[in-house]
Every structure is written in C-alpha cells, then in structure tokens.
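Enquirer: 3D, please:
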Amino acid sequence: MKYTFFKGKIVPFSEAKIGIMTHAFNYGTGVFEGIRGYWNAEKNQLFILKLKEHYERLARSTNLGLKSEMKYSVDELCAATVELAKKNGYKEDIYIRPIYYKSQEKIGLGLIGIEDDFCMFISPFGAYLDITKGIRVCVSNWWRISAQSVPQGAKITGTYINSSLAKAEALEKGFDEAILLSHEKTVAEGSGENLFMVKDGKLITPPLSETILPGITRVCVMELAANELGLKTIERQIKQNELYGADELFFCGTGAQISPIASVDDKLIKDGKVGLITKKLQTIYFKAARGDDPKYADWITPVY
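Expert: I've put the predicted structure just below:
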C-alpha cells in the first residue's frame, strides 16, 4: 500500500494514523464499504466495479448507523477514489476500503455531536475464497444480528464482530466459511457474504427481510442470471435442511466474488463440484467486471 486518503487529502500510507482514543476505535462507530477493482491486461486498464452504488450505500449507512451526513458527496468520493487508485498505480486486482467514522478522541457512548471523518486505503487483492473448486462450509451456532438490534442494511464496523465470530467458529472446526441463521432459524447469509441456492433449475436467495445485507454483488448476480441465463431469482426463506439437498450453492460478495460451496456440515452438495449455473455466472460476472462485456459498461469506472 502506497498512498491513502486521510483527513481530506492523499498522503503516504505511513502518515495515516489515528489516536488510540478515537471514538470509532473504542466503540465500533464507523461504517465502511468494500470495493473491488479489476485489472484488464489486454486493455491495460483498471476497472472499479459499481463505484457509485457503493458510495450511495455508504451514505445510507452513515445516516442509519452514525446519525450523520457525509461531508463529501457521492460524486466527490468517486472522484477521490479514482484519483487515489491512479496515484497508487497498481496494475493488478485491487481492494478499496472507504471508512466513514467518528473521529473525535472522546470517551463516552453516543453518536450525536461527535466529530466524524472519512478515510480510504487501497491494497492489491486476489481471491478471498477458492472460487475454482468450491469451499467447505458449516452452519454457525451464531445467529445473524436482527433488525431490532442494529439498522438493517448498514455496514457498521462494530456489528462485524458477529461475522468474525462465525468465521472463527468455522475455522476452528476445520471449515472455510460459515452460514448464519436468522432469528427465525432460517438461512440468513454467510459470514460477510450473500447466499444463493440452485434447486430444480431455480435460483433462490434469502429475502432482505432475513436481515441480510442488501449486497451490491447480490443485485449483479440477479441481473446477470435474468439477462444472460433467463433465470429469475426467487427471494424467499430457506430452511437449514434445504441446504443439504441443493443442486448448487454459492456465496457472492465483493470479497467472495462468486464462490461455489462444495459441502455444508461435511455433507456434499450434489457431487461436491462446481455446478453448471454457478460456473456460468462466474464467467459472465468476471467478463462484466473486467470490462470485456459492453452491455455492462455502466457497471465499471476506468482508472487510467
């Protein structure tokens, strides 16, 4: 990592420091996004995926989770991101992490009247999960945080302890990832990823009412499935025992991309190999994200 955006300007990464009394560090009072950029060697170009949509969600998260209005507009943040990416000069896939946070060095709970700020860093970033052969998943003993506990749809830093606990549980048991259930004991999502199931040729995903994150990649998958495969996504509750009889399962998200699931609780999903629909979605997703499909040119923002 070379340069970062900190306190209103681009500075060397080594100069971006926060104090140990910072409110967000002590109380989890920050909101964030994860944004991917994809390098296309043939075009000699870096494309940032769904840049505006991510900042629109960050603005909603700031309002819902921090009771604040961002000091920068969505267009200003998009421009700053492109400038920072260009300054870093990476010619490989990248991950962008913007954070809006309570920046005041202050002890005491609360949100109102506490100063806030924005920062962002960029790092080279490859596959977060194995997207080639499938991952081993368990159903976690931890439940997804309900909408009665935190604002639904806001990516709040403090609430990600829930996903971290589920991920830790999975790793301790020898799995790659975890699936969390909702308060109704139906399937919510992965530990940071949305979940899709294929059954009898139908594409199914939990509805937003299951307190899942309204994922941007989730919407991309639904759009690609409809446009390219003729599959309309069914949004409904999924019971835990349905997972084991699925034809295909996969996670999707900025980090996960489209990650096939080979087994759940050591029960193979079909033959444990990447399913046909999942593989097709991977192919068309990466074609769009890397700027190789003109139909989805409005998804991407060139850097260079």
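
Enquirer: who's in contact with N194?
Expert: N194 makes contacts with T205, P206, I212, L213, G215, T217, R218, F251, C252, G253, as judged by C-beta atoms under 8 Å, 6 or more residues apart in numbering. C-beta: built from backbone N, CA, C; applies to glycine.

Enquirer: what do you get for G19?
Expert: With contact set as C-beta under 8 Å, 6+ apart, G19 has these partners: E105.

Enquirer: repeat for K295
Expert: N227, A288.

Enquirer: So it, which state does it fall into?
Expert: With DSSP: H, G, I helix; E, B strand; the rest coil as the basis, K295 sits in helix.

Enquirer: Look at it and report its pLDDT.
Expert: With respect to pLDDT, K295 scores 97.

Enquirer: Equivalent analysis for T211, please.
Expert: Predicted confidence (pLDDT) for T211: 88.

Enquirer: Identify the residues contacting it.
Expert: Residues near T211 by C-beta under 8 Å, 6+ apart: R144, I145, S146, A147, Q152, S182, H183, A188.

Enquirer: State the distance from it to V150.
Expert: Distance of T211 to V150, given as C-beta to C-beta, to the nearest Å: 9 Å.

Enquirer: And K287, by the same measure?
Expert: From K287 to V150 the distance is 36 Å (C-beta to C-beta).

Enquirer: Ok, Q104 next?
Expert: Here Q104 is placed at a distance of 21 Å from V150 (C-beta to C-beta).

Enquirer: Equivalent analysis for L49, please.
Expert: Using C-beta to C-beta, we find L49 at a distance of 26 Å from V150.

Enquirer: Which one's more surrounded, those two?
Expert: Just comparing L49 and V150: by other C-beta atoms under 10 Å the higher neighbour count belongs to L49, 25 against 16.

Enquirer: right, and that one touches R290 too?
Expert: No: applying C-beta atoms under 8 Å, one finds L49 not in contact with R290, separated by 9.1 Å.

Enquirer: Common neighbours of these two, please.
Expert: With C-beta under 8 Å, 6+ apart applied, the overlap between the contact sets of L49 and R290 consists of Y38.

Enquirer: ok, which stretches of the protein are helices?
Expert: With DSSP state H as the criterion, the chain has helices at 23-27, 51-66, 74-88, 161-172, 216-229, 240-244, 276-289.

Enquirer: Thought V221 was touching Y285, still the case?
Expert: Yes: assessed by C-beta under 8 Å, Y285 is found in contact with V221 at 7.1 Å.

Enquirer: Please enumerate the shared neighbours of the two.
Expert: Common contacts of Y285 and V221, defined by C-beta under 8 Å, 6+ apart, comprise I258.

Enquirer: More neighbours: those two, which one.
Expert: Ranked by neighbour count (other C-beta under 10 Å), Y285 and V221 place V221 first, with 24 against 21.

Enquirer: need the contact list for that one.
Expert: Counting by C-beta under 8 Å, 6+ apart, V221 has contacts F196, T233, C252, I258, L281, Y285.

Enquirer: What of L58?
Expert: By C-beta under 8 Å, 6+ apart, the contact set of L58 is V31, F32, E33, M70, L77, P98, Y100, K155.

Enquirer: Check these and tell me the two furthest apart.
Expert: Pairwise distances across those (C-beta to C-beta) peak at 14.7 Å, for the pair L77 and K155.

Enquirer: need the contact list for Y285.
Expert: With contacts defined as C-beta under 8 Å, 6+ apart, the neighbours of Y285 are C220, V221, L224, Q257, I258.

Enquirer: I'd guessed E56 sits against L77; true?
Expert: No: under the contact definition of C-beta under 8 Å, E56 does not touch L77, with a separation of 9.8 Å.

Enquirer: between those two, which one's more packed in?
Expert: Taking neighbours as other C-beta under 10 Å, E56 and L77 compare with L77 leading, 24 against 15.

Enquirer: from the contacts of T211, which ones fall inside strands?
Expert: A188 (DSSP state E).

Enquirer: how about JSON lines for the contacts of T211, with neighbour count and distance to Q45 added?
Expert: JSON lines is the format used below for these (neighbours: other C-beta atoms under 10 Å; distance: C-beta to C-beta, whole Å):
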{"residue": "R144", "neighbour count": "25", "distance to Q45": "38"}
{"residue": "I145", "neighbour count": "20", "distance to Q45": "39"}
{"residue": "S146", "neighbour count": "14", "distance to Q45": "43"}
{"residue": "A147", "neighbour count": "15", "distance to Q45": "40"}
{"residue": "Q152", "neighbour count": "17", "distance to Q45": "36"}
{"residue": "S182", "neighbour count": "21", "distance to Q45": "41"}
{"residue": "H183", "neighbour count": "15", "distance to Q45": "45"}
{"residue": "A188", "neighbour count": "25", "distance to Q45": "37"}
